[in-house]
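Visitor: from the sequence below, what's the structure:
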Amino acid sequence: MEKRLCRFALAVVVLAPVALVAQGGPPAGQRPPVEEKATPIENGGIFVKGWTGIVDEGAVKQGQSEKDSSFKAEGGGFHVMTGPAITYLDAKKATGDFTVSATFTEPHYMNRNTHPHPYGVVIAGGGKTAADQSALYCAAYGSGTFIVRGFGPAAFQLNGRRGEANDAVHKAAGPGEPVTQTIAIQVKGGNVSCVINGTTVGTYAKADVVGEGKLTTTDGQVGIRMAHNTDVLIKDFKVTK
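Guide: Residues are numbered from 1 along each chain as shown. Next up, the predicted model:
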């Protein structure tokens, strides 16, 4: 009997941390123990003229497409609900020195996922599929961290696999609560900067952004980057010189 009780107690000790992580999400910047499956959006698609979408390669292999997410005009901006992770590109292009920015609001933080998922703005966009796409994006999490990553067309990271925490990135009060981030990428001279809520959280030399396995240029289409299973309102998407 004592041996059975000991085994039961050990099982509780081992399993409890896993359950807590799954319920509340992983610590900031860390991967969850089990990746969520992208849940398709019914009657999805791109409903804003002049925009296109490229889903990630993993989603393509699972038979998913841009029709499994929804991109609509709403409230003077956009309402995006994703199944698979996707990059939305505007038909317009930005060249030389410029800034692309937008304000993102999760009305109900983590309402479609079990851990924080990122969203942000895109520059240097190009291509039509995951196999030939080009993009660089800065994206924020409602947990207070951010990532700067791209496709060339293979995925690459500029601030590490797990991103970085920064006080400028707003944190949601908890699951179901609203959180808003204003995110921008600025291309100026020889640098590319990620700016969140008015603070420059990361600056990278163009030499580290453009090159083998990364971008061929910082010129290109601009847009929006959304992780899988997100529900976000976007306003004031713009490009300024």
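
Visitor: off-centre distance for the host helix or strand of Gly125?
Guide: Under the criterion of DSSP states H and E, Gly125 resides in strand 119-126. In terms of C-alpha atoms, centre = their mean, to the nearest Å, the centre of strand 119-126 is set 10 Å apart from its chain centre.

Visitor: before we move on, what about stretch 207-224?
Guide: 17 Å.

Visitor: also stretch 148-161?
Guide: A distance of 12 Å separates the centroid of the chain from that of stretch 148-161, by C-alpha atoms, centre = their mean.

Visitor: mind listing what's buried along stretch 87-97?
Guide: For stretch 87-97, burial by neighbour count (16 or more other C-beta atoms under 10 Å) applies to Thr87, Tyr88, Leu89, Asp90, Lys93, Ala94. No exception for glycine: its C-beta is placed from N, CA and C like everyone else's.

Visitor: what does stretch 159-169 give?
Guide: By neighbour count with 16+ other C-beta under 10 Å, stretch 159-169 contains the buried residues Asn159, Gly163, Glu164, Ala165, Asn166, Ala168, Val169.

Visitor: looking at those residues, which is nearest Lys72?
Guide: Val169 (26.2 Å; C-beta to C-beta).

Visitor: from Asn197, how far off is that closest one?
Guide: Using C-beta to C-beta, to the nearest Å, we find Val169 at a distance of 7 Å from Asn197.

Visitor: overlap in contacts of the two?
Guide: Taking C-beta atoms under 8 Å, 6 or more residues apart in numbering as the contact rule, the neighbours common to Val169 and Asn197 are Gln181.

Visitor: okay if I get the buried residues of stretch 87-97 as JSON lines plus secondary structure, distance to Lys61 and pLDDT?
Guide: Putting the buried residues of stretch 87-97 into JSON lines (DSSP: H, G, I helix; E, B strand; the rest coil; distance: C-beta to C-beta, whole Å; pLDDT from 0 to 100) gives the following:
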{"residue": "Thr87", "secondary structure": "strand", "distance to Lys61": "17", "pLDDT": "98"}
{"residue": "Tyr88", "secondary structure": "strand", "distance to Lys61": "20", "pLDDT": "98"}
{"residue": "Leu89", "secondary structure": "strand", "distance to Lys61": "21", "pLDDT": "98"}
{"residue": "Asp90", "secondary structure": "strand", "distance to Lys61": "27", "pLDDT": "98"}
{"residue": "Lys93", "secondary structure": "strand", "distance to Lys61": "29", "pLDDT": "96"}
{"residue": "Ala94", "secondary structure": "strand", "distance to Lys61": "31", "pLDDT": "98"}
